[in-house]
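Enquirer: Predicted structure and sequence below. I'll ask about it afterward.
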Amino acid sequence: MLLVALATYNEIETLPSLVEAIHTELPDAHLRVVDDNSPDGTGRWCDEFARQAPWFSCLHRAGKLGLGSALRAAMQTAIEQNYQSLITLDADWSHPPRVLPQLVKASENADVVIGSRYCPGGAIEGWPWRRLLASRAINSATRFLLGLPVKDCSGNFRLYQTELLKQVPWEELQDDGYAYIEEILWHLHLLGARFAEVPIIFTERRAGESKISSSEVFGAARTLLRLTAKRLLVQRFS
């Protein structure tokens, strides 16, 4: 069984249509929202929708606890409830639901499948050149410093095989923000994950505001330096 997870904070404008689109593409999958007490009514909509859709559920959290902790909660659900695999994507329509079946198909020969903006055929639409340059720089630095064998290290559009997630040393994961995306990828690489990338056209969010703050950017830089130091230690003593 497949679980699709969405982390939400104030996504009422995009979530209902996205949930419908995901269910159309993957009608046999279960869908779980992790909502951080959205003041715009996102959590309330989830409760109302769950009453008519047995394949849909929502985990309500007390406040805005971060994307990383939301993804960790989704992964723990996938493990505890014995799902075969977990797909994560953003709740703002930046990631195209039509690509979901391709991620599932690619997972037949991979442990982690990435909906990639930077592999051949992938692209980003609607971003200013400064944001494009910053994103490419972050991905290049992450690949180089952590030795990751993928083109897109910072995107949240992924499929994870649950058997591999069970092996993650969860006590070592420290980041609760956006840098968790790179951190979990590095730990899975250490576990010998087989990676695959499926090209996607990433588009700017349809509504609402970006949740990435300057503190998240600095936090990501600190996490990258911390993981780089750990990688050097692993190489030294291996």
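Expert: Yes, it's here.

Enquirer: Going by C-alpha atoms from here, please, whenever you check contacts or count neighbours.
Expert: OK.

Enquirer: Where does pLDDT dip in the protein?
Expert: Scanning the chain with the threshold set as pLDDT under 70 gives 205-220, 234-238.

Enquirer: Let me know the secondary structure of the one residue sitting closest to the centre of it.
Expert: Residue closest to the average C-alpha location in the chain (CA atoms, centre = their mean): residue 156, at 2.8 Å. The assignment at residue 156 comes out as coil when based on DSSP: H, G, I helix; E, B strand; the rest coil.

Enquirer: Residue 105 and residue 232: what is the separation?
Expert: Residue 105 sits 35 Å away from residue 232, taking CA to CA, to the nearest Å as the criterion.

Enquirer: can you check residue 117 too?
Expert: 28 Å.

Enquirer: what do you get for residue 31?
Expert: Counting by CA to CA, the gap from residue 31 to residue 232 is 39 Å.

Enquirer: what about the two, which has more around it?
Expert: Set residue 31 next to residue 232 and count neighbours by other CA atoms under 10 Å: residue 31 wins out with 25 against 13.

Enquirer: element containing the more buried one?
Expert: For residue 31, the host element (DSSP states H and E) is strand 30-35.

Enquirer: so after that strand, what's the next helix or strand?
Expert: For strand 30-35, the following helix or strand on the C-terminal side (DSSP H and E) is helix 42-50.

Enquirer: Show me which residues of that next one are buried.
Expert: Going by neighbour count (16 or more other CA atoms under 10 Å), the buried part of helix 42-50 is 42-44, 46, 50.

Enquirer: Report all helices and strands that it contacts.
Expert: strand 30-35, strand 56-60 (3 or more CA pairs under 8 Å, 6 or more residues apart in numbering; DSSP states H and E).

Enquirer: what's the angle between it and strand 30-35?
Expert: Relative orientation of helix 42-50 and strand 30-35, computed by axes from the mean of the first three to the mean of the last three CA atoms, to 10 degrees: 160 degrees.

Enquirer: What segments of the chain are helices?
Expert: Remark: helices assigned in the chain by DSSP state H are 15-25, 42-50, 67-80, 100-106, 129-146, 162-165, 180-190, 214-237.

Enquirer: Adding distance to residue 203, write those out as a markdown table.
Expert: Formatted as a markdown table, the helices of the chain follow (distance: least, CA to CA, whole Å):
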| stretch | distance to residue 203 |
| --- | --- |
| helix 15-25 | 14 |
| helix 42-50 | 22 |
| helix 67-80 | 19 |
| helix 100-106 | 16 |
| helix 129-146 | 12 |
| helix 162-165 | 28 |
| helix 180-190 | 19 |
| helix 214-237 | 20 |
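
Enquirer: Which stretch among those helices approaches residue 204 most closely?
Expert: With CA to CA as the measure, helix 129-146 is the member of the helices of the chain nearest residue 204 (11.3 Å).

Enquirer: In contact with residue 95: list those residues for me.
Expert: Residues near residue 95 by CA atoms under 8 Å, 6 or more residues apart in numbering: 89, 157, 200-203.

Enquirer: Now with 10 Å, please.
Expert: When contacts are counted by CA atoms under 10 Å, 6 or more residues apart in numbering, residue 95 touches 18, 88-89, 115-117, 155-157, 200-205.
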